[in-house]
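[1] Just a sequence and a predicted model for now, questions to come.
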Amino acid sequence: MKKFFIAPYTQTGFTLVELVLAVFIFSAITAGVAAFGVYYFQSYSFSFEENQSIGLAQTAITTMIREIREARSGDDGAYALTQVDDNTLIFYSDVTNDGRSDRVRYFLNGTDLKKGVIEPTQVPVTYPTDQEKVSTIASYVDNAGQPLFIYYNGDYPTDTVNNPLPQVSRLLNTRFISVYLRINIAVDYSAQPFEIASGVQIRSLKDNL
């Protein structure tokens, strides 16, 4: 007669406590991974946007310096410089490379650096303001109260008494212009703003040869 041995019943599943603990650990790990992912994405997005904005600003200031250096009289006989304010500069220069003087306006509009260009009409030459083509060439500009443009006479840097030039004497006495941009894409972020500064002498107005 064969005998069969029946093993005693043993529990193989999770207890309620073990299940709750496993769910808690899984949730904690998931939350940690999600938080890290969000932080990484935000950091990457910020870095990408910051590098892109700085690159655009560097290109803008390089172009601006080149065009200011070549400022000249307008085709209608206007003086090379038209408006010389802290955050607006209007001058004439051949920025379309067609041999004619264009009316160029650089100005701050909020946190955007904009450029406006008016091409001259045929004779009689005029510069219709309603035909100005305006584009944004840099964003996130935060100069923190510092002017975009500073103006100097032909004796700069030797003359420290009359420089920088006051508003009343800028139009006729400006020979050198410095440009300053401070890029800050997130005021509340821990990254420091990026500063770009350069200067240029206007060739056609040089009087210290």
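    Ah, there it is.
[2] got the contact list for the residue lying closest to residue 76 once chain neighbours are set aside?
    Of all residues beyond its chain neighbours, the one nearest residue 76 is residue 125 (4.3 Å), with distances taken as CB to CB, 6 or more residues apart in numbering. The way it works is simple: take the backbone N, C-alpha and C, and place the C-beta from them, glycine included. Counting by CB atoms under 8 Å, 6 or more residues apart in numbering, residue 125 touches 74, 75, 76.
[3] Could you do residue 124 as well?
    Contacts of residue 124 (CB under 8 Å, 6+ apart): residue 76.
[4] Can you give me the pLDDT of it?
    pLDDT for residue 124: 94.
[5] Mind listing residues that contact stretch 72-87?
    With CB under 8 Å, 6+ apart as the criterion, stretch 72-87 contacts 71, 89-94, 100-101, 103, 105, 107-108, 120, 124-127, 147-149, 151, 167, 170-171, 174, 202, 204-205.
[6] Now stretch 195-209 - C-alpha only, PDB.
    What follows is stretch 195-209, C-alpha atoms only, in PDB (Å, rounded to 0.1, in the frame of the first residue of the first chain):
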ATOM      1  CA  GLU A 195      27.800  91.000 -20.800                       C
ATOM      2  CA  ILE A 196      29.100  92.100 -24.200                       C
ATOM      3  CA  ALA A 197      30.800  95.400 -24.800                       C
ATOM      4  CA  SER A 198      32.600  96.900 -27.800                       C
ATOM      5  CA  GLY A 199      33.500 100.200 -29.300                       C
ATOM      6  CA  VAL A 200      34.000 101.700 -32.700                       C
ATOM      7  CA  GLN A 201      35.300 104.900 -34.300                       C
ATOM      8  CA  ILE A 202      33.300 106.400 -37.200                       C
ATOM      9  CA  ARG A 203      35.700 106.600 -40.100                       C
ATOM     10  CA  SER A 204      33.900 109.300 -42.100                       C
ATOM     11  CA  LEU A 205      33.900 111.600 -39.000                       C
ATOM     12  CA  LYS A 206      37.500 111.200 -37.900                       C
ATOM     13  CA  ASP A 207      39.100 114.600 -37.100                       C
ATOM     14  CA  ASN A 208      42.200 113.500 -35.100                       C
ATOM     15  CA  LEU A 209      44.300 112.300 -38.000                       C
END
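[7] what's the host helix or strand of residue 89 packed up against?
    Per DSSP states H and E, residue 89 falls inside strand 88-93. Applying 3 or more CB pairs under 8 Å, 6 or more residues apart in numbering; DSSP states H and E, we find strand 88-93 packed against helix 16-69, strand 81-84, strand 102-109.
[8] tell me which residues in the second one are buried?
    Burial within strand 81-84, assessed by neighbour count using 16 or more other CB atoms under 10 Å, is assigned to 81, 82, 84.
[9] Tell me how far the closest residue in space to the last one that isn't next to it in sequence lies from residue 181.
    The spatially closest residue to residue 84, leaving aside those adjacent along the chain, is residue 170, at 4.1 Å (CB to CB, 6+ apart). Distance from residue 170 to residue 181, counting by CB to CB, to the nearest Å: 20 Å.
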